[in-house]
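# Model the following, please.
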Amino acid sequence: MTARAAARPSRRFPWLALVSAGYAAAQLALAAPHLGLGWDETVYLSQVDPRNPAAYFSAPRSRGISFLTAPVLAVTGSTPVLRTVLALLSAAALYAAYRVWRPLLGPRRTALAALLFAGLWVTVLYGPQAMPNLWVALSAVAAVGWFLRGHRPGASRAAFLGLGGAVAAATLFRFSDGVWLAAPLLAACAAVPAWRRPAPALAVVAGLALGGAQWIAEAYVRWGGIGARLHASSATEGGMGLHWAGGDAWRSLNGPVLCRPCTVPLTHPEFTVWWLALPVLALTACAVALRAGRPAETVLPVGCAAALSVPYLVLIDYSAPRFFLPVYALLALPVATLAARAVGTVRPAPARVAVAGGLAALLVLHLTVQYEVLQERHADVRATTDRYRAVADGLRRLGLHPPCLVTGSHSQPIGYYIGCASADVSGNNRNTTEAALLRRAAAEPTAALARTRSGPPGYARGWAAHRLRGTGYTAYLPQS
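You can find the predicted model right below:
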């Protein structure tokens, strides 16, 4: 019996599975409950929700998150059910993405990297939300892992299939991020002599083409071509160009969830130390890896993270914490490796235990800070979605029922809550003209929304005003 037991391979503790299960539990306990649908979510969901008219889908958006949620919406319109499904799916995706790295880094380093990423407040908050950034992040982690595994001796075709599939997923969820992910991977194929093989480059290009096919086809159907869609995307983003947004990213690190325009003061500056240290830790990890003669597993994720940060650091003039989820997901890998090496190189054993204990204490402190910020941001998001719901309830009391039309301030999310179509005559979501809107208002129940202090839109000046108490909104309905 003893010989048989010795012959059996020892069972590894499922560290990564434990982290993924904890991530799911954190979402279900802290982020998903009582969280309504945000503005962007209602746009993505309305594209595939059979109960609601589709809201205007602007040029920068991609439809991956709509495709992901379509099976759930085909069965139910329940927001709690959707949140639960997305929480479980994102936890499973976390496991699958970082599991790719286990042969490269080992089980414990891989699990630590997953924990560093999953423990961020923004990762927990957006896990159960119908937003693309987290899914781009996990796709990027898988893509870089499969790329490196494809260059190992004896690699099978499965690695290149995984690489192509991961790049396709990232591109489907957000076309521009897919391009920024593919660029350093293709550059690595050209720059590293040992990687100059057709298979990995073809896998990246095929994934980019497959994931971007829908976006490109829609560009020609709705905008007249890729260039025209990119031009429209730039206009929607406020004019893409050389704008240093690093300060905006730092100020909004602990919220608000969208900083546009980003004129808010920084909250909890002491909570931003980890963010300021992150590039230093990443560069240190690269230096250590180069000295050790095994740079690929460290330098490539850092390079891809740097590429994915470019549009959000230097091309737009606003910021949101979720934009950097792909960067955090990739940089968690070299940081976890650096921490493990720091512990492993310490001698003697008592000193090693002390260093490991100190790093563990820092990790606990970091997770505690993230929990504090999560509580604040969850309250903010819930207050916003509760206001949307209250405005929708007020419109129902005024007699607005589908089929109907909502226009004006925040018409897209509020229209979704009430089941009405939405329309705008100005701004980033402009999809109609005043003349067309007035013709439509004469044919179906319509409400124009405006902040109470700002007065009615120009086309609704003759409409009856109905103040929606407790919301800060006034609804204007055409006079019958």
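
# Contacts for the helix or strand containing Gln214, please.
In the assignment (DSSP states H and E), Gln214 maps to helix 198-218. By CB atoms under 8 Å, 6 or more residues apart in numbering, the list of residues contacting helix 198-218 from outside reads 62-64, 143, 147, 150-151, 160-161, 163-172, 175, 178-179, 182, 185-186, 189, 226, 229. All C-beta spots, glycine's among them, are computed from the backbone N, C-alpha and C.

# which among these end up buried?
62-64, 143, 147, 150-151, 160, 163-172, 175, 178-179, 182, 185, 189, 229 (16 or more other CB atoms under 10 Å).

# How far does the lengthiest helix in the chain sit from its chain's centre?
Ranked by residue count under DSSP state H, the longest helix found in the chain is helix 349-397. Relative to the chain's own centre, helix 349-397 is displaced by 16 Å; criterion: CA atoms, centre = their mean, to the nearest Å.

# Packing partners of that helix?
Helices and strands touching helix 349-397, by 3 or more CB pairs under 8 Å, 6 or more residues apart in numbering; DSSP states H and E, are helix 121-126, helix 325-344, helix 411-418, strand 464-468, strand 473-477.

# need the contact list for Leu395.
By CB under 8 Å, 6+ apart, the contact set of Leu395 is Val406, Ile414, Ile418, Cys420, Ala447, Leu468, Ala475.

# Count the neighbours of the second one for me.
Using other CB atoms under 10 Å, Ile414 has 28 other residues around it.

# Show the contacting residues for it.
By CB under 8 Å, 6+ apart, the contact set of Ile414 is Tyr388, Val391, Ala392, Leu395, Val406, Ser422, Leu449.

# Sketch out the strands for the chain, chain order is fine.
For the chain, the strands defined by DSSP state E cover 405-408, 421-423, 446-451, 464-468, 473-477.

# between the ones you listed, which one is nearest to Pro14?
Minimum separation from Pro14 across these (CB to CB) falls at strand 421-423, 46.2 Å.

# Using the record's domain definitions, break the protein down for me.
With domains defined by automatic domain parsing, the chain comprises 237-345, 383-477.

# Same list as before, those that is, but in a markdown table and with mean pLDDT and distance to Arg99 included.
Below are the domains of the chain laid out as a markdown table (pLDDT from 0 to 100; distance: least, CB to CB, whole Å):
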| stretch | mean pLDDT | distance to Arg99 |
| --- | --- | --- |
| domain 237-345 | 95 | 13 |
| domain 383-477 | 96 | 34 |
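
# so which of these gets nearest Leu82?
domain 383-477 (12.8 Å).

# show me what contacts the closest residue to Leu125 other than its chain neighbours?
Once flanking residues are discounted, Leu125 sits nearest to Ala31: 5.1 Å by CB to CB, 6 or more residues apart in numbering. Going by CB under 8 Å, 6+ apart, Ala31 touches Ala87, Val124, Leu125, Gly127, Pro128, Leu374, His378.

# Mind putting the residues you listed into TSV with neighbour count?
TSV is the format used below for the contacts of Ala31 (neighbours: other CB atoms under 10 Å):
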residue	neighbour count
Ala87	23
Val124	26
Leu125	25
Gly127	27
Pro128	28
Leu374	22
His378	20
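
# And for Gly344, the neighbour number?
11.

# between the helices and strands packed on helix 349-397, which one is nearest to Tyr23?
Judging the helices and strands packed on helix 349-397 by CB to CB, what sits closest to Tyr23 is helix 121-126, at 7.4 Å.

# Show me what that closest one is packed up against.
helix 15-26, helix 133-150, helix 325-344, helix 349-397.

# which one of those is the most hemmed in?
Greatest average neighbour count among those goes to helix 133-150 (a mean of 27), per mean count of other CB atoms under 10 Å.

# What mean pLDDT does that helix get?
Over the span of helix 133-150, the pLDDT mean works out to 98.

# Repeat that for stretch 49-58.
Averaged over stretch 49-58, pLDDT sits at 97.

# end to end, how far does it reach?
17 Å (CA to CA, to the nearest Å).

# what's the spacing between it and its chain's center?
The chain centre lies 20 Å from the centre of stretch 49-58; the measure is CA atoms, centre = their mean.

# ok, for Leu138, nearest residue in space, not its chain neighbours?
Ala97 (4.1 Å).

# From Gly472, how far off is Ser20?
Counting by CB to CB, to the nearest Å, the separation of Ser20 from Gly472 is 41 Å.
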